[in-house]
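S.K.: Got a sequence here, can you build the structure:
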Amino acid sequence: MITIKNVNHNINGTPILRDINLDIPDKSITALIGSNGAGKSTLFSLIARLLPLQQGSIHIDELDVSHSKSTAIAQKLAILSQENNIQSRITVRDLLLFGRYPHNQGRVTPEDQQIVDQALQRFELEPLQQRYLSALSGGQRQRALVAMTFCQQTKHVILDEPLNNLDMYHARELMRLLRQLTTEQGLTTIMVVHDINMAAAYADHIIALKNGQIVMQGTPDEMITIDNIQTIFNLDTEVVSHKSKPLVIHHL
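M.R.: Numbering: from 1, shown residues only. The predicted structure is shown next:
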């Protein structure tokens, strides 16, 4: 379980997160939603230790994020951030092998190759495996980065806007695969998403942030209501049910 207690974060004296307390449930998909500037990516960065924790505590199972070794955290938690420093002159296959580094320290084993083969197949990347990242479209590159994250084979996965650059088909297929992998492997998957209908369709638990605070959380059925969407996004919408899932109609 990921446990967050009394987390506050300021940038140049401006509060970005205030009094964040969360127990993120195991073996499920949790979606972080909210308008731009709500604090979602900052919370992501604190969990991932991309930003130093100023106040409070974050634990991944028994590991204290602030004080544990990076190698120990990397074997518990795989992350995909919006920004990465991976060089474009690397092939897709080598990128996925890079995801195995926390386990093999650069000494690639047959097991590593097998895990990469499986990821190439599941993420529909086999035809691209010898292509350089620089030769990929934005959507292809994004799928490769998500696949690398899953090659790390941790029990906790956090993804910051994993649907970036994906067309409707690949966004849907990626969410279906994330749902399948989370269920099959008993993962704790956390994702920052802007598409409220993707969160409604595939998440087990939704956490809404506004002005740096948690304003509500619950199941999709509990969260996706006309009143709640107005509270979270200041947006008038309609909410209907489609195949037993809430669907937000906001573009008409």
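
S.K.: any idea where the helices of the protein begin and end?
M.R.: Along the chain, counting by DSSP state H, helices occupy 40-47, 70-74, 92-98, 101-104, 110-122, 138-151, 168-185, 196-202, 220-223, 226-233.

S.K.: For residue 16, which of these is the nearest?
M.R.: Minimum separation from residue 16 across these (C-beta to C-beta) falls at helix 40-47, 5.0 Å. (Each C-beta comes from the backbone N, C-alpha and C, glycine too.)

S.K.: can I get the CA coordinates of that closest one in PDB?
M.R.: Below are the C-alpha coordinates for helix 40-47, written out as PDB (Å, rounded to 0.1, in the frame of the first residue of the first chain):
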ATOM      1  CA  LYS A  40      -1.800  16.200  -9.400                       C
ATOM      2  CA  SER A  41       1.600  16.100 -11.000                       C
ATOM      3  CA  THR A  42       3.300  17.500  -7.900                       C
ATOM      4  CA  LEU A  43       1.800  14.700  -5.800                       C
ATOM      5  CA  PHE A  44       3.000  12.300  -8.500                       C
ATOM      6  CA  SER A  45       6.500  13.700  -8.300                       C
ATOM      7  CA  LEU A  46       6.600  13.500  -4.500                       C
ATOM      8  CA  ILE A  47       5.500   9.800  -4.600                       C
END
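
S.K.: what packs against that helix?
M.R.: strand 2-11, strand 14-24, strand 28-33, strand 55-60, strand 156-160, strand 188-192 (3 or more C-beta pairs under 8 Å, 6 or more residues apart in numbering; DSSP states H and E).

S.K.: angle of that helix against strand 188-192?
M.R.: Here the directions of helix 40-47 and strand 188-192 differ by 140 degrees (axes from the mean of the first three to the mean of the last three C-alpha atoms, to 10 degrees).

S.K.: Out of the helices and strands packed on helix 40-47, which is closest to residue 231?
M.R.: strand 28-33 (11.7 Å).

S.K.: Looking at that closest one now, give me its mean pLDDT.
M.R.: In this model, strand 28-33 has an average pLDDT of 97.

S.K.: thinking again about what came up before, among the helices of the chain, where is the model least confident on average?
M.R.: helix 101-104 (a mean of 83).

S.K.: Quick check: closest non-adjacent residue to residue 70.
M.R.: Nearest residue to residue 70, sequence neighbours excluded (C-beta to C-beta, 6 or more residues apart in numbering): residue 49, at 7.7 Å.

S.K.: again with residue 225
M.R.: Counting by C-beta to C-beta, 6+ apart, the residue nearest residue 225 is residue 239, at 6.0 Å.

S.K.: Surely that neighbour and residue 226 touch.
M.R.: Yes: with contact defined as C-beta atoms under 8 Å, residue 239 counts as touching residue 226 (5.3 Å).

S.K.: The two: who's more crowded?
M.R.: Using other C-beta atoms under 10 Å as the criterion, residue 239 and residue 226 rank with residue 239 on top: 17 against 13.

S.K.: Quick check: the more buried one vs residue 78, distance?
M.R.: 33 Å (C-beta to C-beta, to the nearest Å).

S.K.: Could you pull up phi and psi at the residue nearest to residue 70?
M.R.: Backbone torsions for residue 49, taken as degrees, to the nearest 10, come to phi 60, psi 30.

S.K.: Can you give me every residue that contacts it?
M.R.: Taking C-beta atoms under 8 Å, 6 or more residues apart in numbering, we find residue 49 in contact with 65, 66, 70, 73.

S.K.: Relative to residue 2, how far out is the last one?
M.R.: Relative to residue 2, residue 73 is positioned 12 Å away (criterion: C-beta to C-beta).

S.K.: which one of these two has more residues nearby?
M.R.: Neighbour count, other C-beta under 10 Å: between residue 73 and residue 2, residue 2 has more, with 22 against 19.
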